[in-house]
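*Asks:* for reference, the sequence and a predicted model appear below.
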Amino acid sequence: MSIRRRFDLSAYLVVGPENTKGRPVAAIVKAAVEAGFTCVQIRSKVASARELIDLTRQAAQVIAETGKADEVALLVDDRLDVVLAARKAGIKVDGIHVGQGDIPVDVCREYLGEDSIIGLSARTHDLFEYVQTADVSRIDYFGAGPVHETNTKPDCGLGLDGKVITRSFTDLSNLAKLSPLPVVVGGGVKLVDIPPLAQTGVDGFFVVTAVSEADDPKSAAAELVKAWKQHYQPGCSGK
């Protein structure tokens with residue numbers, strides 16, 4: 001069965017070489033997956049295409065070494081070319097995450113096929129209307145946030161006026177109820193945010209530095225997973 005039919009967004013790591021304090025990306029991925037993370041996205045705005053392909057290869061390899069290649073989804077941010085080149089090289093990549101200004105979803109679906117996961121960053125300025133009216137036939141989940149302003153993606157949550165719109169837990173509860181698709185939420189998320197976030201009914205959290213820049217990434221990842229599992233309350237959206 002395709003991983004698209006059963007992927008788990010509950011604990012989602014976003015990582016690239018600029019976020020690891022000089023440590024190998026693969027080592028951070030390994031630590032997170034061993035600690036129970038369920039989804040990994042390779043994201044970098046500074047790495048070349050070849051570097052991204054190599055990072056994706058390394059991530060796929062360590063996921064396979066943990067015995068979770070059929071459980072943990074591996075995605076690449078934005079770069080359809082990298083996903084296609086990685087697959088051509090025999091690397092197991094499960095899909096792509098794109099933003100509103102990135103390559104269109106229908107193009108991604110055409111090139112990646114029906115078994116691939118495609119995630120889309122939900123629109124910021126009309127979030128609640130958007131998730132109810134957008135054509136979701138070609139995508140699998142929405143990414144939303146930020147919970148806090150974040151240096152790893154300063155444009156996260158930018159409204160039309162150029163100001164960052166952060167999301168309250170009440171906002172996220174409403175989003176979970178309204179969205180026809182699973183929703184994963186991040187943006188400056190730390191351990192202290194996980195209990196209230198898990199109670200909003202969204203389907204998962206994503207983090208970057210809370211794991212990738214931690215002194216002990218595996219321990220930090222394990223604490224996040226444990227907190228989520230202890231407090232998670234599924235939404236009432238009927239998804």
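*Replies:* Okay, I see it. Numbers count the residues shown, from 1 in each chain.
*Asks:* quick check: buried residues in stretch 200-219?
*Replies:* 200-214, 217-218 (16 or more other C-beta atoms under 10 Å). (C-beta placed from N, C-alpha, C; glycine too.)
*Asks:* for that stretch, the distance to its chain's centre please.
*Replies:* Taking C-alpha atoms, centre = their mean, to the nearest Å, one finds stretch 200-219 lying 11 Å from the centre of the chain it belongs to.
*Asks:* and stretch 49-62, by the same measure?
*Replies:* 17 Å.
*Asks:* just the helices in this structure please.
*Replies:* Using DSSP state H, the helices of the chain run over 25-34, 49-65, 80-88, 105-112, 127-133, 169-178, 194-198, 209-212, 217-231.
*Asks:* including mean pLDDT, could those helices go into JSON lines?
*Replies:* JSON lines is the format used below for the helices of the chain (pLDDT from 0 to 100):
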{"stretch": "helix 25-34", "mean pLDDT": "98"}
{"stretch": "helix 49-65", "mean pLDDT": "98"}
{"stretch": "helix 80-88", "mean pLDDT": "98"}
{"stretch": "helix 105-112", "mean pLDDT": "97"}
{"stretch": "helix 127-133", "mean pLDDT": "89"}
{"stretch": "helix 169-178", "mean pLDDT": "93"}
{"stretch": "helix 194-198", "mean pLDDT": "96"}
{"stretch": "helix 209-212", "mean pLDDT": "97"}
{"stretch": "helix 217-231", "mean pLDDT": "98"}
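*Asks:* could you dump the ones you listed into TSV with distance to Phe7 added?
*Replies:* Shown next, in TSV, are those (distance: least, C-beta to C-beta, whole Å):
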stretch	distance to Phe7
helix 25-34	14
helix 49-65	13
helix 80-88	15
helix 105-112	14
helix 127-133	19
helix 169-178	18
helix 194-198	18
helix 209-212	19
helix 217-231	16
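*Asks:* select, out of the ones you listed, the one closest to Leu74.
*Replies:* Distance to Leu74, taken as C-beta to C-beta, is lowest for helix 49-65 among the helices of the chain, at 5.7 Å.
*Asks:* tilt between that closest one and helix 25-34?
*Replies:* Between the axes of helix 49-65 and helix 25-34, defined by axes from the mean of the first three to the mean of the last three C-alpha atoms, to 10 degrees, the angle is 30 degrees.
*Asks:* buried ones in helix 49-65, by neighbour count?
*Replies:* Applying 16+ other C-beta under 10 Å to helix 49-65 flags Leu52, Ile53, Asp54, Leu55, Thr56, Arg57, Gln58, Ala59, Ala60, Val62, Ile63 as buried.
*Asks:* what do you get for stretch 16-36?
*Replies:* For stretch 16-36, by 16+ other C-beta under 10 Å, it's 16-17, 19-20, 25-26, 28-36.
*Asks:* and the two most separated of those residues?
*Replies:* Pro17 and Gly36 (23.6 Å).
*Asks:* rewinding a little: which of the buried residues of helix 49-65 lies closest to Val40?
*Replies:* Minimum distance to Val40 across the buried residues of helix 49-65 is 5.9 Å, recorded for Ala59 (C-beta to C-beta).
*Asks:* the residue nearest to the closest one when sequence neighbours are not counted and Arg50, how far apart?
*Replies:* Nearest residue to Ala59, sequence neighbours excluded (C-beta to C-beta, 6 or more residues apart in numbering): Val29, at 4.7 Å. For Val29, the distance to Arg50 equals 19 Å [C-beta to C-beta, to the nearest Å].
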